[in-house]
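[1] Got a sequence here, can you model it:
(one chain, ligands or ions: 1)
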Amino acid sequence: MVKLNSKKRVAVFISGRGSNLKNLNIFSKKRNSKFIISLVISNKKNAKGIVYAKKNKILCKIIDDIKNFEKKALLLIKLNKIDLLCLAGFMKVLSSNFIKKVGIPIINVHPSLLPKFKGLNTHQRAIDAREEYSGCTIHYVNDKLDSGKVILQKKVKILKKDTPKSLANKIQKEEHKIFSKALNSIC
Ligand code: GRF
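    As a prediction, this is how the structure comes out:
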């Protein structure tokens, strides 16, 4: 059994709904989880994920001051002795300076089968390109957008009737499963 004090302390950066945050937190309560969610930082003051974090008594900070986001976030990460950082629907690109200074692994969830469809509007682009499959990727973050080493991927079939929205829904269900699995595997 994993002892509580040996669990890795994870910070999660969010900008929106926070469904990935919720699933990471639920997984963290399981016996075989090697991590706990110790800190949530949102760069948007109206992100729904903040409500979830507060209800679940997770330390949650809002930094909507774009200019000082990285400086303040770095301080909170050091103060709270964070071991790993997860980007879960975090819609801001972190600078290479931040990545270097933070000194801990950073992982991200991306809604495509990387290296295909980096960046935004992935579902529309996958449909337009008549791909047979899309999916999601959990990967390390480096200083190039959506380009770090892949940890885990899950394929999802694109059906003729799929819209960007229906595809997003199917893919999110898979994100929720593989994010915790990938995070646990690197703890
Ligand atoms: C996810 O679909 C993720 O792939 C993308 O942003 C979405 C975030 O969803 N990067 P949520 O905020 O975790 O619900």
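[2] check contacts around the closest residue to the ligand within the chain.
    Nearest residue of the chain to the ligand, counting by CB to the nearest ligand atom: residue 89, 2.5 Å away. All C-beta spots, glycine's among them, are computed from the backbone N, C-alpha and C. Neighbour list for residue 89: 14-21, 49, 109 [criterion: CB atoms under 8 Å, 6 or more residues apart in numbering].
[3] Drop anything exposed from those.
    14-16, 18-21, 49, 109 (16 or more other CB atoms under 10 Å).
[4] tell me, which of those residues make contact with the ligand?
    Taking CB under 6 Å from any ligand atom as the test, the ligand is in contact with 14, 16, 18-20, 49, 109 out of the buried ones among the contacts of residue 89.
[5] can you give me the end-to-end distance of stretch 124-136?
    Stretch 124-136 has its terminal residues 14 Å apart, counting by CA to CA, to the nearest Å.
[6] For it, give me every contacting residue.
    109-113, 116-117, 122-123, 153-158, 162-164, 167, 171-172, 174-175, 178.
[7] repeat for stretch 19-26
    Against stretch 19-26 from outside (CB under 8 Å, 6+ apart): 10, 12, 14, 37, 40, 49, 52-53, 56, 58, 86, 88-89, 109, 172, 175-177, 179-180, 183.
[8] ditto for stretch 72-84
    Residues contacting stretch 72-84 (CB under 8 Å, 6+ apart): 8-11, 13, 35, 38-39, 41, 59, 61, 63, 65, 85, 98, 101-102, 104-107, 183, 186-187.
[9] does residue 13 belong to a helix or a strand, and which?
    Per DSSP states H and E, residue 13 falls inside strand 8-14.
[10] Check the burial of residue 29 by counting its neighbours.
    10 (other CB atoms under 10 Å).
[11] Find the residue closest to residue 176 in space, skipping its chain neighbours.
    Excluding its sequence neighbours, the residue lying closest to residue 176 (CB to CB, 6 or more residues apart in numbering) is residue 23, at 4.1 Å.
[12] Just to be sure, the one you found is in a helix?
    Yes - looking at residue 23 with DSSP: H, G, I helix; E, B strand; the rest coil, it is inside a helix.
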